[in-house]
Structure formats: C-alpha cells, structure tokens
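K.L.:
Sharing a model prediction with you, sequence too.
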Amino acid sequence: MLAPQRTAPAPMPAPPARSADATPAAARRPDGRESAIALALGLVLGFAALTGLAEGALLAFTRLYLHRLTHVTSRVFWMAPVTYAALFAVLALPFALAGVRRPRGWWLQALVALLAFLSAYSVLQLATGLYPWARDLLAAGVAIRLATFASRFRPRLRRLVPRAGLALAALVVLLGIGSTLAARIRERRMLASLPAARAGAPNVLLLIWDTVRASSLSLYGYARPTTPVLERFASRGVTFEQAISTAPWTLPSHAGMFTGRWAHELSAGWRTPLDDRYPTLAEVLADNGYATSGFVANTHYTTAESGLARGMAHYEGFGSSPGDFLMSTALGRRLAWDRLLRTRIGSFDIPGRKNAASIDDEFLRWLDARPAGRPFFAFLNYYDAHEPYLPPAPYDTRFRSTTVPRKPLMWQAWKMTAPEVRGERDAYDGSIAYLDARLGSLLQALRGRGLLDNTIVVVVADHGEEFGEHGVFTHGNSLYLPSLHVPLVVVGPGAAAGARVAAPVTLRDLPATVLDLAGIRRSPFPGQSLARFWAPGAAAADGPLVAEVGQASGLPAFYPVAVGDMRSVFAGGYHLILDGDGRQELYDIRRDPAEARNLLPARGVRP
Ligand SMILES: [Zn+2]
C-alpha cells in the first residue's frame, strides 16, 4: 500500500542566517548573477565615495581649522570619489565576474578586503605623523576586519550595499553640482556689486613667470636669444635692470606683490597661507570698479587656498584634466610623487600642469565673457619654467648643447655632473623661450581685441632659479642673486617708452605702482610707485631692499636655508646675506654680480 502522498509540503523554515554561505535560500535565488554585479557596483561606489569624502573632510579640517596649506583642489569632494570609482571599478571587474560564476564564492570577501585596504591606505596618507609601516599595517587590519564582516553579514550586504552605494554616489553628484553653482553665483554677485569704474580707466594685466631669473633672459644680456618678444615689447615701456624679489620662492613673493609687504610681515609660509590681515591689489582694484580675475598654473602655492585669490571675482587654479583627477586623491599623489616610479615609467611632468597656452586660453575665455564697460585686472601665473623643465617642441631642443641623458626631477641635483647640469639649463632656457613666444601670442590677442593700448602690462617673475652657482639648485634654498634677481617690465599708459632703470628696485613696490598708473590716488599699500624712477625730475633715492626665506626642512645641511631663517639686504651696491647659522656674506654686486668673492671671509664663506 502506498503511503498517502503529500500534496503541499510545508515550507522549511529558513535557518537563522549567520553566514551567507550557510544560507541556501539566498544562493538559490535566480538573480544571483545580477545581485553579484549589483553588490560589486555598490561596493565600488560606496568605498569610492567614502574614501573621497573622508579625504575631503580631513583636508577641509586642515585648511579651515588648522590654517595649513593642503596643495589639493577644493573640488576634492567630488573629484576624488569619481577618480576612486573609476579605479575601483577596474579592479573590481574580475571579482564581479567571479561572483557571476559562483555567487557564493570567495569573491566578496576578497573584493571587500581589496577595496577596504586601498581606501584605508589612501586616507591614511593624510596622517603625516604615522610611520609608513604603521599606515600599511593599519590599512591591512581594516581590510581584514571588513572582509570578515562581509562574510558574516553577506545577505544583508546583498540587500543594503547596492542602495547605499547609489545613495552615496548621488550625494557626490549633488556636491559637485552644488559647489559649481555656488562658485558661479558668488562670481555673479561680486561683479554685480562692483561700484562704477572711472571712465577710461586702464586695464591691468599682471603676468608672472614663475621661477624665471633675469640672468637667463636675452633682455638682460644673456647670450642665448631666449626673449626676443619681450625685448621688442619692453622697448615700448620701462625695463628694470635690478628688480629684486622679496623672497626666493612663490607664496611670499606673490603675496608681497599683492599686498606691498615684506615677507616677514606676512603669514604666508611653507605651510601657511596668506591671511586677510592686509588688503590685496585685487581687492583695491575691485573697490574701484575693476572686474578681477586670476589664472594660475602653480597649483602648489598660488591656488585659491593660498590666500592669493582674495579680491578676485573669478579664479582658476586646478583644472579638470585626467592628471587633476589623479592628483585630487591621496593615492594618486602618493604615486605621482614617487621618484622611482616616475623614473621607471619615464613620466616626469607634474600631472595636470597647465602650460602657458592653457593659461592664456582660460584668460581669453574669461576676457570675452566679462561684463562690458568695465576695466579688468587679470593675474596670470605661468609655471612652464619651474622644474621639471619640460618645454614643448620645438623649444625642448632649441638650446640643446649636450647628449647626456637628462635628470628632470633634479633629485639630489648637487650630485649632477657638469654636462647633466648643462642639460637642465638648456631645457630651462627652452622653457623661457616658450614663455616668450606665448607672450607674443597673448599680446597679439589683446591687440586684436583693441585692448592693448589701454592696458598696463607688467611682466615679472616671482623669483629666480639656481643651477649650482653657489652649490645649490632650484630655489627657496638661499638668497643669492640667481634666486632673487628677476625680470620686470612695465608697459602701458603712463610708463615711459624705452626707459631702462638701473637702480635696484623691490617687487614690494608693484601694487603701489599699479594704483599710481591706474590713476587711483588712495593707496593702502606701504611701498612707493616705481614711477619715481622714470618720472622727469623725480628723485630715485631708495632705502635698503630686503629679501627673506624661512628655514626649510628636508635639505642637505650645506644648503644655507637648512639651518635657519635667512635675510639679506641690498644697499649702496652691496648685498649682505645673513645666514641661518649666524654667518654673514657680503658682496659688491656692482663689481661682482656673480657674488663670487665674499668680502667678509673672516666671518665664514661657503665652499
Ligand atoms: Zn614660484
């Protein structure tokens, strides 16, 4: 006899799910493949958003509460998540495919471990106080814990992670749109609130060639024809033969040109931005009805976070190139600054570095869209002559004089051979020639718009560069003339055509000069107008000029700035340098412009 057949077997109660692999119901779902992909995507979006947002929050804390420079774009909140999402998606693909084949397999724990490690490793790059091995260990610990967690709560993750990932991605998109709109609204409001400008007020164009020393310009007698365009242009205005920057590096020098202050008066330092204690040139010009703007290629020390954007209605620093996305992430910066990696793959340029053509394009786009009927003030920072010196063709080979392989990263440059140094100088000269050619294009563009004749154009550098003349390289390392003597040309209404000023002048006087030429009588800047050097019958007697640099870390002990703060004074044709260790050097720079003979040898001279 057959046993009575059950027609409707009672469903088995689902066992309490402690682990996904012990949950047959979940594994038997027909949508296992789709859910593996959705889960992987959710993990990618979630980890990318959390990593980028965590980095953004730490950087905002550093800049806004610790008042320290971060050297990272303020758009990190959306650019970093986007970059991480792209990277994580590529890395997650093989895991997701494994999940499609075997939804219950090891892929989930492995993927969580990988993404958790990369996220923690990246965010911990911002914890500068930790030893690298401690960072790595901590990241590994986080990865193991989260992988274990994923294994235990697999069914819940399957439900929650795709939704959470999408929600975080939506938050990132909203942050991106919101911050872009906020910047546009701020610019419009600022332009709408400007007072009327004086009729016929001249425009002001401040062109700063970062890291260009005067002695490498044919304008100043250099044998190579590096600046034919500037030579022609300078003949229409005033050339200063002894312009001295207030500091041998970017931020305090720019800040001095914007505020008329010596470096020791300013908050601007290696790690600190310019604060709002003193008014800036842009603020004063905006108060006089100018549409103000800045376009900068030096993203280390001149972007908005540096404090130099104060008073600018429009300011462009970091761009949106793949390199900018890479550099928005801590992981990308970690890789990008790795000397061994860069050398191995032969990639020496700074990712995202804008060349002079890009800066000009940004400026001209803004110029054509600016409010009609207003004079403009535009500040353009060009970074092409900063190391690594990588001018575009044909300037890369224009002055090549050696066939030895180059060392563009200038790593331990003091160990370079003479031909290697020559190779770097050749490329540096090529970079200056490129800047000069771009100057010609820019002037042509202004002329074509009918703007050039009523524009005060200032061509200047923030500081120079050293190629071992005193045993040191690049800049910010000493106060010798190659670091401080910069080109300065002023052309436009009020500037005497063809004048050459031989007296030493300081860049600190630039804001007072600009206001003077623009016809703005009330100047809050402490310097004096340089027009006193070319105005008929004007006395050109001057007080001493000062240059300063704070102690810098990470340099060899024989670098003058490695042991302490430095100051130097120019007076009566002499240059007195006070070294960080208390030693003094004195040079007669009229007879000895190379500063080869220290007149105070008893007090110590550098080898
Ligand atoms: Zn600079």
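P.N.:
The structure has been received and is ready for your questions.

K.L.:
Secondary structure class of residue 277, three-state.
P.N.:
With DSSP: H, G, I helix; E, B strand; the rest coil as the basis, residue 277 sits in coil.

K.L.:
For residue 367, which non-adjacent residue is closest in space?
P.N.:
Taking CB to CB, 6 or more residues apart in numbering as the measure, residue 367 lies nearest to residue 376, with 6.8 Å between them; neighbours along the chain are not counted. For glycine as for every other residue, the C-beta is placed from the backbone atoms N, C-alpha and C.

K.L.:
all helices of the stretch 301-450 of the chain, in order?
P.N.:
Shown for the stretch 301-450 of the chain, the helices assigned by DSSP state H, counting those that start in this stretch span residues 322-327, 330-336, 339-345, 356-369, 418-448.

K.L.:
What score does the residue in the chain that the ion sits nearest to have for pLDDT?
P.N.:
Relative to the ion, the nearest point of the chain is residue 250 (3.1 Å; CB to the ion). Here, the pLDDT recorded for residue 250 equals 98.

K.L.:
Same check on residue 13?
P.N.:
For residue 13, the pLDDT comes out at 44.

K.L.:
Around the ion, which positions in this structure sit nearby?
P.N.:
Proximity of the chain to the ion (CB under 5 Å from the ion) is limited to residues 210, 250, 462.

K.L.:
Now the last one. Its backbone dihedrals?
P.N.:
Torsion angles at residue 462 (phi, psi; degrees, to the nearest 10) stand at phi -80, psi -30.

K.L.:
just residue 598 next, same as before
P.N.:
phi -80, psi 120.

K.L.:
Residue 236 contacts residue 499, doesn't it?
P.N.:
No. Using CB atoms under 8 Å, residue 236 is not in contact with residue 499, being 10.3 Å away.

K.L.:
What is the helix or strand containing residue 88 packed up against?
P.N.:
Take DSSP states H and E as the rule and residue 88 turns out to sit in helix 76-101. Using 3 or more CB pairs under 8 Å, 6 or more residues apart in numbering; DSSP states H and E as the contact criterion, the elements in contact with helix 76-101 are helix 32-64, helix 107-124, helix 154-192, helix 322-327, helix 330-336.

K.L.:
Would you mind listing the buried residues in the longest one?
P.N.:
Neighbour-count burial for helix 154-192, with 16 or more other CB atoms under 10 Å as criterion, is recorded at 154-155, 157-158, 161-162, 164-166, 168-169, 172, 175-176, 187, 190-191.

K.L.:
cool, stretch 132-139 as well?
P.N.:
135, 139.

K.L.:
if you average pLDDT over that stretch, what comes out?
P.N.:
When pLDDT is averaged along stretch 132-139, the result is 94.

K.L.:
ok, and what's touching it?
P.N.:
116-117, 120-121, 124-125, 127, 130 (CB atoms under 8 Å, 6 or more residues apart in numbering).

K.L.:
C-alpha coordinates for it, CSV please?
P.N.:
Output of stretch 132-139 as CSV, limited to C-alpha atoms (Å, rounded to 0.1, in the frame of the first residue of the first chain):
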residue,chain,number,x,y,z
PRO,A,132,54.7,54.3,6.6
TRP,A,133,54.8,50.7,8.0
ALA,A,134,52.3,51.7,10.7
ARG,A,135,50.0,53.1,8.0
ASP,A,136,50.3,49.9,5.9
LEU,A,137,49.7,47.7,8.9
LEU,A,138,46.6,49.7,9.9
ALA,A,139,45.2,49.5,6.4
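
K.L.:
Tell me which residues touch residue 348, please.
P.N.:
If you count contacts by CB under 8 Å, 6+ apart, residue 348 has them with 342, 388, 390, 408-409.

K.L.:
so who does residue 249 touch?
P.N.:
When contacts are counted by CB under 8 Å, 6+ apart, residue 249 touches 301, 462-463, 475-476, 549.

K.L.:
let's see 10 Å
P.N.:
With contacts defined as CB atoms under 10 Å, 6 or more residues apart in numbering, residue 249 is in contact with 210-211, 263, 268, 270, 301, 462-463, 474-477, 483, 549-550, 552, 561.

K.L.:
ok, it to residue 301 distance?
P.N.:
The spacing between residue 249 and residue 301, counted by CB to CB, to the nearest Å, is 8 Å.

K.L.:
Overlap in contacts, the two.
P.N.:
By the contact definition CB under 10 Å, 6+ apart, residue 249 and residue 301 are jointly contacted by 210, 268, 270, 462.
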